[in-house]
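# Would you be able to build a 3D model of this:
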Amino acid sequence: MRQDSGRPFALVVRFTVRPGSEEAFDDLVAATAVGIREREAGTLVYACHRVEGAPRQRIFYELYADKDAFNAHESQEHTRYFLEAREALLEATEVDFLDLQNGKTPFNA
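Coordinates of the predicted model:
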């Protein structure tokens, strides 16, 4: 996605959780999501998915009103805590920043 202010900004993150850390990671995500719901109007979608057949995989889809909303998300205390605390629970992290080409979104519905 172009990083122009005013354009939607999205990313997909794939986490591989360390064996035995699945519950702790899911609890950390749940606590973080509370702060996101309560304090981040510019975060339009913040969804964590389990992957069928891959119990240690989690995929996040995040959609922000724009790059500024993403930056505001990253600066929140609950997000900074998540970013630090997750490291002990993870084997791998893959991040893809997305460039919206077409489709149905809250911006063009």
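
# Might you list the low-confidence residue ranges for this protein?
1-5, 106-109 (pLDDT under 70).

# now the strands for it?
9-17, 43-51, 54-64, 90-98 (DSSP state E).

# Show me the one of those that comes nearest residue 76.
strand 43-51 (9.3 Å; CB to CB). C-betas here are computed from N, CA, C, even on glycine.

# Packing partners of that closest one?
Contacts defined by 3 or more CB pairs under 8 Å, 6 or more residues apart in numbering; DSSP states H and E place strand 43-51 against helix 22-39, strand 54-64, helix 67-75.

# closest to residue 16 out of those?
Checking the helices and strands packed on strand 43-51 against residue 16 by CB to CB gives strand 54-64 as the closest, at 5.7 Å.

# what angle do that closest one and helix 67-75 make?
Relative orientation of strand 54-64 versus helix 67-75 (axes from the mean of the first three to the mean of the last three CA atoms, to 10 degrees): 130 degrees.

# Would you mind writing the CA trace of strand 54-64 as CSV?
Taking Å, rounded to 0.1, in the frame of the first residue of the first chain, the C-alpha atoms of strand 54-64 are listed here in CSV:
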residue,chain,number,x,y,z
ALA,A,54,-1.0,-25.5,12.1
PRO,A,55,-1.6,-25.0,15.9
ARG,A,56,1.4,-22.9,16.4
GLN,A,57,0.7,-20.4,13.6
ARG,A,58,-1.2,-17.1,14.1
ILE,A,59,-1.9,-14.8,11.3
PHE,A,60,-2.8,-11.1,11.9
TYR,A,61,-4.6,-8.9,9.5
GLU,A,62,-4.3,-5.2,10.4
LEU,A,63,-6.1,-2.4,8.5
TYR,A,64,-5.5,1.3,9.5
